[in-house]
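Trainee: The following block contains a protein sequence and its predicted model.
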Amino acid sequence: MDRFQEMRVFAAVIDTGGFTAAARRLGMSKATVSRHVNELEERLGVRLLQRTTRRLSATSEGEIFHARCRELLDRLDEAEAEAASGSAAATGLVRINVPVSFGLLHLAPLWPALLARHPALELDITLSDRVSDLVEEGDDLAVRIGQLPSSSLVSRRLASTRLVLCAAPAYLAAHGEPDTPTDLARHEVIAYSLFAAGEQWSFTGPAGEQTVRVQPRMRANNGDTCRVAALAGQGIILQPSFMVGADLAAGRLRELLPGWRSIELGIHAVYPSRKFLAPKLRVVIDFLAEALAGADWEDCSGR
């Protein structure tokens, strides 16, 4: 009987809100998770969870026990991480969630160097533009681009990128260039459908701030798809400099309204709040910060 294992499984069920999510986080089967919780309740002689067909919740005894478990498990994790930090080698698996385009363009070339530097490290990398719940999905780290919402997560700024309004010379030859942001309302636009501001594009320039509602001819939930359509002369895009910097330098795309600036986005490493950062996670974050420091996407150094 491993009492710490029972506590770890029970805490995961509460933290993730269910047996299935806990099983995914712990790398166990759902049946094994259920068995651990049942054995724990039998050993303690008390019901810790209320189970219905629609939801699962802790009993009052379960809430108290969960708080105690969480405290003990955090201290155990701290002790193990502190002991491990005395070794030069970071070991173990790190699960990382990264945005698709940024992950392919600028992070994929970095992972081999990270593995070469830390041979005992393992990586499980998921590419997705959906904002994942790190705790529920069992990720150790995420790279996120944009303004971070208030949460219990910890973040470290790695770099920044700005949104650039641009189009291909072929499109501009056929449709002309906008003189002000409001002119975008009459232009062919290719919009990124996951953009937080939706189809309200804002710019700051000589006349202050202007916001225009664009009428997209095409929408896509992937920035590279928008970029390819723009390169084919199909419309104007508003995309991050890390994605279009090389195209601008090569003349394949031309920046529009250079006197008007759109927003700047932070690129962050985000991870669950812990009192002690595990060595394996620390080396990944430090490596990314080092690799991305001073990145100048418009100088095309990243592409």
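Mentor: Arrived safely.

Trainee: what does stretch 198-217 contact?
Mentor: The contact list for stretch 198-217 (C-beta atoms under 8 Å, 6 or more residues apart in numbering) reads 165, 180-182, 184-185, 187-191, 234-235, 238, 257, 259-263. C-beta here means a position set from N, CA and C on the backbone, and glycine is covered the same way.

Trainee: If we go by neighbour counts, what in that stretch is buried?
Mentor: Neighbour-count burial for stretch 198-217, counted by 16 or more other C-beta atoms under 10 Å, picks out 201-203, 210, 212, 214, 216.

Trainee: Can you get me the start-to-end distance on it?
Mentor: Stretch 198-217 has its terminal residues 14 Å apart, counting by C-alpha to C-alpha, to the nearest Å.

Trainee: Restricted to strands, list the contacts of stretch 198-217.
Mentor: Taking DSSP state E as the definition of strands, those contribute 165, 189-191, 238.

Trainee: List only buried entries from those residues.
Mentor: For the ones in strands among the contacts of stretch 198-217, buried by 16+ other C-beta under 10 Å: 165, 189-191, 238.

Trainee: Now distance to Glu42 and pLDDT too, for these, in JSON lines please.
Mentor: Shown next, in JSON lines, are these (distance: C-beta to C-beta, whole Å; pLDDT from 0 to 100):
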{"residue": "Leu165", "distance to Glu42": "64", "pLDDT": "97"}
{"residue": "Val189", "distance to Glu42": "62", "pLDDT": "96"}
{"residue": "Ile190", "distance to Glu42": "60", "pLDDT": "97"}
{"residue": "Ala191", "distance to Glu42": "56", "pLDDT": "95"}
{"residue": "Leu238", "distance to Glu42": "59", "pLDDT": "96"}
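
Trainee: What residue spans form the domains of the chain?
Mentor: The chain breaks down into these domains under automatic domain parsing: 3-84, 92-160+265-299, 162-264.

Trainee: before we move on, back to that, are any of the contacts of stretch 198-217 buried, and which?
Mentor: 165, 181, 184, 187-191, 234-235, 238, 257, 260, 262.

Trainee: Just the pLDDT for Ala89.
Mentor: At Ala89, the model reports a pLDDT of 62.

Trainee: let me redo that: Arg25
Mentor: As summarised for this prediction, Arg25 has a pLDDT of 89.

Trainee: now swap in Ser150 and tell me
Mentor: Value listed for Ser150 in the pLDDT field: 53.

Trainee: before we move on, what about Leu114?
Mentor: 95.

Trainee: residues in contact with it?
Mentor: 121, 123, 283-284, 287.

Trainee: Can you tell me how far it is from Leu248?
Mentor: 29 Å (C-beta to C-beta, to the nearest Å).

Trainee: circling back: report the two of the buried ones among the contacts of stretch 198-217 separated the most.
Mentor: Gln234 and Trp260 (22.2 Å; C-beta to C-beta).

Trainee: May I have the residues that are in contact with the nearest residue to Ser34 once chain neighbours are set aside?
Mentor: Nearest residue to Ser34, sequence neighbours excluded (C-beta to C-beta, 6 or more residues apart in numbering): Phe19, at 5.6 Å. By C-beta under 8 Å, 6+ apart, Phe19 lies in contact with 13, 30, 33-34, 37, 56.

Trainee: Next one: Val131 from Ser262, what distance?
Mentor: Counting by C-beta to C-beta - Val131 and Ser262 are separated by 21 Å.

Trainee: Let me fix that, I meant to ask about His106.
Mentor: 20 Å.

Trainee: same check, this time on Leu121
Mentor: 37 Å.

Trainee: what's the answer for Met218, then?
Mentor: From Met218 to Ser262 the distance is 19 Å (C-beta to C-beta).

Trainee: thinking again about what came up before, can you tell me which of the buried ones among the ones in strands among the contacts of stretch 198-217 is closest to Leu141?
Mentor: Nearest to Leu141 out of those is Leu238 (C-beta to C-beta; 28.0 Å).

Trainee: isn't the closest one right next to Arg162, touching?
Mentor: No. Counting by C-beta atoms under 8 Å, Arg162 is not a contact partner of Leu238; they are 10.3 Å apart.

Trainee: okay, and the common contacts of those two?
Mentor: Ser262.

Trainee: The chain: strands as residue ranges?
Mentor: Secondary structure of the chain (DSSP E): strands at 49-51, 56-58, 92-98, 121-127, 141-145, 154-167, 189-192, 200-205, 208-213, 216-220, 237-240, 254-255, 264-271.
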